[in-house]
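# Sequence and computational prediction follow.
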Amino acid sequence: MDFYKMQGAGNDFIIINNMKLNIPVYKLPSIAKKLCQRKLSIGADGFMVVDYPEGDADFKMRFFNRDGSEGEMCGNGARCISRYAYVNNLVGKKMTFETGAGIIHSEVIEGRLVKVLLNKPEVIKLDNDIEIDGIKYECSYIELGNPGLPHAVVKYDLQQADESKLREAGKKIRYYEGFPKGANVNFFEVMDKNSALVKTYERGVEDFTLACGTGSASTAVALMLKGYLTGDRAKIVVDGGELFVEVERTNNNVDNLYLIGTTNIVAIGEVKDEDLII
Ligand SMILES: N[C@H](CCC[C@H](N)C(=O)O)C(=O)O
């Protein structure tokens, strides 16, 4: 089984082409779980599969978290799979693909840089403040696409933060009863009118990742609509690098939401994991 290991802003993925491999879909979650284990296997935040499209798009992207759960979408994953499809001659520089949250339009701008038109925010609750164990959090809730990928956007003094307290908070908010699908928890600290620091505790990874693309985009939307950020382009600084988010909107209505950033092909290889019984 040939694979690519890629990362975008430190969010890392294993990618395979199931149009060649034809692995039955029901086997994919267990393969994801196995291969994404750090130290025991290749290790990654997520496992992505290029598959035959159901409609007119160029291909279908299936996204699995490292715990084997299927996510509706993944922004950094979408950027990486775009470059994967391009370098493997499956598509040209511009492409469309199906995801669990809807169709994605994407473009390999040049070299490692990819720009993805994300699914629109279908749910935006800007003032969704929450209280857990007596601690109040300024929080917004956003779902990208339909069915939507759930994101909480939470204010936090990240530069002063105690890592283990932050992780505890992330874990609690991720399972907060007010979020029926659970949520990816994006803690933010505004840097200036055009940039913010973001750290995401991810559903399905159940820990912080070095970056979350849809989380960074959801945060940019919430911060622009709340007036923390001005202009229509934001720089989001994450532990694994930088992402850029562009928001085209009519007042509070988001028309187009773009995620831009570099991708990195780490390795191209063949899976030989003896623990993997396919
Ligand atoms: N890291 C991803 C999000 C993965 C979504 C996943 N954690 C879930 O909620 O199923 C991103 O760049 O957008």
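Nice, I can see it. What you are looking at is a predicted structure, and each value in this text was computed from that prediction instead of being measured.

# got the end-to-end distance for stretch 52-68?
21 Å (Cα to Cα, to the nearest Å).

# So that it lines up with my notes, have the first residue be 448 from now on.
Okay, using 448 as the starting number, the last item reads as stretch 499-515.

# mind checking how far that stretch is from the chain centre?
14 Å (Cα atoms, centre = their mean, to the nearest Å).

# quick one: buried residues of that stretch?
Pro500, Ala504, Asp505, Phe506, Lys507, Met508, Arg509, Phe510, Phe511, Asn512, Arg513, Gly515 (16 or more other Cβ atoms under 10 Å). No exception for glycine: its C-beta is placed from N, CA and C like everyone else's.

# Please enumerate the helices of this structure.
With helices called from DSSP state H, the chain shows them at 465-468, 475-482, 522-534, 610-621, 660-672.

# Could you say which of those is packed most deeply?
Scoring the helices of the chain by mean neighbour count under mean count of other Cβ atoms under 10 Å gives helix 660-672 as the most buried, with a mean of 29.

# Only C-alpha atoms, please: export that one in PDB.
Output of helix 660-672 as PDB, limited to C-alpha atoms (Å, rounded to 0.1, in the frame of the first residue of the first chain):
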ATOM      1  CA  GLY A 660      -7.100  24.700   9.400                       C
ATOM      2  CA  THR A 661     -10.900  24.800   9.700                       C
ATOM      3  CA  GLY A 662     -10.400  25.800  13.400                       C
ATOM      4  CA  SER A 663      -8.100  28.700  12.300                       C
ATOM      5  CA  ALA A 664     -10.700  29.800   9.700                       C
ATOM      6  CA  SER A 665     -13.600  29.500  12.200                       C
ATOM      7  CA  THR A 666     -11.600  31.600  14.600                       C
ATOM      8  CA  ALA A 667     -10.900  34.300  12.000                       C
ATOM      9  CA  VAL A 668     -14.600  34.500  11.100                       C
ATOM     10  CA  ALA A 669     -15.700  34.800  14.800                       C
ATOM     11  CA  LEU A 670     -13.000  37.400  15.500                       C
ATOM     12  CA  MET A 671     -13.800  39.500  12.400                       C
ATOM     13  CA  LEU A 672     -17.600  39.400  13.100                       C
END
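
# would TSV of the helices of the chain with mean pLDDT and distance to Asp580 be doable?
TSV is the format used below for these (pLDDT from 0 to 100; distance: least, Cβ to Cβ, whole Å):
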stretch	mean pLDDT	distance to Asp580
helix 465-468	98	44
helix 475-482	98	31
helix 522-534	98	30
helix 610-621	98	7
helix 660-672	98	23
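
# Verify the stated contact: Thr647 with Arg621.
No: counting by Cβ atoms under 8 Å, Thr647 does not reach Arg621; the two are 10.1 Å apart.

# sorry, back to before: same for the ligand: which of the buried residues of stretch 499-515 are within range?
Contacts with the ligand within the buried residues of stretch 499-515, counted by Cβ under 6 Å from any ligand atom: Asn512.

# sorry, back to before: how about JSON lines for the helices of the chain, with distance to Val601 added?
Shown next, in JSON lines, are the helices of the chain (distance: least, Cβ to Cβ, whole Å):
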{"stretch": "helix 465-468", "distance to Val601": "36"}
{"stretch": "helix 475-482", "distance to Val601": "28"}
{"stretch": "helix 522-534", "distance to Val601": "18"}
{"stretch": "helix 610-621", "distance to Val601": "6"}
{"stretch": "helix 660-672", "distance to Val601": "9"}
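
# Compare those and give me the one nearest Lys719.
Closest approach to Lys719 among those (Cβ to Cβ): helix 475-482, 11.1 Å.

# Residues in contact with that closest one: which ones?
Residues outside helix 475-482 that contact it (Cβ atoms under 8 Å, 6 or more residues apart in numbering) are 450, 461, 465, 470, 488-489, 491, 493-494, 496, 509, 511-517, 718, 720, 722-723, 725.

# Leu657 contacts Ala491, doesn't it?
No: using Cβ under 8 Å, Leu657 is not in contact with Ala491, being 11.8 Å away.

# domains for the protein, by residue range?
Domain assignment for the chain by automatic domain parsing gives 449-564+710-717, 568-707.
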